[in-house]
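# After the sequence you'll find the predicted model.
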Amino acid sequence: MSVTPPDSKAARTRQMLGMKGATTGATSIWTLHLQLMKPITWIPLIWGVLCGAASSGNFVWTWQNVLVAAACMLLSGPLMAGYTQTMNDYYDREIDAINEPYRPIPSGAIPLWRVKAQIIGLLGAGGALALLLDWRTGHTDFVLSKITLLGAFLAYIYSAPPLKLKQNGWLGNYALGASYIALPWCAGHALFGTLTWQIVVLTMIYSLAGLGIAVVNDFKSVEGDRALGLQSLPVMFGVQEAALISATAIDVFQFAIAGYLVYIGQNLYAVILSLLVLPQITFQDMYFLRDPLKNDVKYQASAQPFLVIGMLVAGLAIGRV
C-alpha cells in the first residue's frame, strides 16, 4: 500500500530536488522530467570539477576559463548526473513503488517512453559536449570523452541488469562514490592540465570516502531493498553496523588523503583537511550513529559541507606541487 506524503510547497520542492520527503503534486511534465534528474545530486559533481581545476595548478581566473569550466560542470552535473539518475529511476521503478511511491515513474505521472527519451537525450548531449570540450582544449586523446563514456558505462551497470552493481553494497556504493568524486575531479583536472595516473589513483582513494557517503543514501531504502533481495550494507550487516562502516570509511580515507598531503610537503593543507574531518565525526556521533534511519538527511546536511570543502583543500594543495 502506498502512502502519499502531505502535499505542501516544501514537500514539492524536496521532491523536485530529489530529496526524501515528497509529494505527487507536480502537474507540469517538464517538472516531472526535472524530478527524474534529481538536481540535488548535481552539486557534488559540479564541485568535483572545481576541485580538479584546482589540482591542475593551471586554472587562471579569466572569463574564457570560467566559461569552459562551467561547460564541464554542465556536462558532469545536469547532463551526466541527470542521465544517471533518470536511468536509475527507470530500473528501480519496482523498488521505488515500495520506498518512494510518489516518484514520477511508480506514481504513473510520466509515461515510460518519455523516460527512455530523456535517458537517450541526456547521454547524447553529454557525449556531444565532451567532444566539444576535447576539441576546445586540443585533446588528441579525447580524454574528456573517455571519462564521459566511462561514467555512462558505470551508470548503466550500476542500475541495469544483469550486473546491476547496486545489488551489492560494496561494489555499487564504490561505483557511485567514484562517479561522484573521481570522474568529475579527473575531468576538471584534464580540462586545465595533464591527467596523470597519480591523480587517478588519488581520486580513486578519495572515492572510498564517497563509498561511505553513498551508504548513507541506502538507509531510506532498507524496506524495499530487503523485499527485492538487494544486498545493500544496511540489509547485509544491519542498520547500526552499516552506519559504523559508513562513518569509518568517510573519516579514515579523508585522513589518508591528509597523510598524502604531508608526504608531498603540503603540511598546512594537511592540517586544515584533518580539522575539517573533526566536525564530521561530531555530527556522526550526534545524529547518524544514534539513529541512521531518522537522522540520515540531517547528518548529510550538517556534515557533508565539511567533506566537500576538504576536497577543495586537497585539490588546492595538489595544485601547488
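On my side now, so go ahead. Remember, predicted model here, so these are calculated numbers, not experimental data.
# pretty sure Leu75 contacts Leu133?
Yes - Leu75 lies in contact with Leu133 (C-beta atoms under 8 Å); the separation is 7.0 Å. For glycine as for every other residue, the C-beta is placed from the backbone atoms N, C-alpha and C.
# hey, what's in contact with both of these two?
The contact sets of Leu75 and Leu133 overlap at Leu144 (C-beta atoms under 8 Å, 6 or more residues apart in numbering).
# The two: who's more crowded?
Neighbours around Leu75 and Leu133, counted as other C-beta atoms under 10 Å, are more numerous at Leu75. The numbers are 29 against 23.
# Contacts only, for the more buried one.
Gly126, Leu129, Ala130, Leu133, Leu144, Thr148, Ala187.
# Let me see the confidence value for the second one.
Meaning Leu129. For Leu129, the pLDDT comes out at 98.
# Would you agree it falls within a helix?
Yes - counting by DSSP: H, G, I helix; E, B strand; the rest coil, one finds Leu129 located in a helix.
# and the next element down the chain from whatever helix or strand Leu191 lives in?
If you go by DSSP states H and E, Leu191 is part of helix 182-192. Downstream of helix 182-192, the first helix or strand assigned by DSSP H and E is helix 197-216.
# in that following helix, what's buried?
Using 16 or more other C-beta atoms under 10 Å as the test for burial, helix 197-216 gives 199, 202-216.
# who's in contact with the host helix or strand of Pro234?
Element membership for Pro234, per DSSP H and E: helix 233-237. Here helix 233-237 makes contact (C-beta under 8 Å, 6+ apart) with 169-170, 173, 215, 218-219, 222, 225-226, 242-243, 245-246, 292.
# Let's have the contacts of Leu75 in a markdown table, adding distance to Ala97.
Converted to a markdown table, these look like this (distance: C-beta to C-beta, whole Å):
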| residue | distance to Ala97 |
| --- | --- |
| Gly126 | 28 |
| Leu129 | 34 |
| Ala130 | 34 |
| Leu133 | 39 |
| Leu144 | 37 |
| Thr148 | 31 |
| Ala187 | 35 |
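# what's the distance between Lys298 and Val222?
Using C-beta to C-beta, to the nearest Å, we find Lys298 at a distance of 17 Å from Val222.
# These two: which has the busier surroundings?
Val222 (20 against 14).
# so what's that one up against?
Contacts for Val222 were tallied using C-beta under 8 Å, 6+ apart; they are Ser232, Pro234, Val235, Val239, Leu293.
# so what pLDDT did the residue nearest to the fourth one when sequence neighbours are not counted get?
Using C-beta to C-beta, 6 or more residues apart in numbering and skipping residues adjacent in sequence, the residue nearest Val239 is Pro292, 5.5 Å away. Pro292 is assigned a predicted lDDT (pLDDT) of 92.
# Does Pro292 touch Gln240 like I think?
Yes - if you go by C-beta under 8 Å, Pro292 and Gln240 touch, sitting 7.2 Å apart.
# Tell me which of those two has more neighbours.
Set Pro292 next to Gln240 and count neighbours by other C-beta under 10 Å: Pro292 wins out with 25 against 13.
# State the distance from the more buried one to Val201.
31 Å.
# how about low-confidence regions in the stretch 201-321 of the chain?
For the stretch 201-321 of the chain, no stretch has pLDDT under 70.
# What segments of it are helices?
Here the stretch 201-321 of the chain has its helices, by DSSP state H, counting those that start in this stretch, at 222-227, 233-237, 239-263, 267-283, 292-319.
# what angle do the last one and helix 267-283 make?
What that stands for is helix 292-319. Orientation of helix 292-319 against helix 267-283 (axes from the mean of the first three to the mean of the last three C-alpha atoms, to 10 degrees) gives an angle of 180 degrees.
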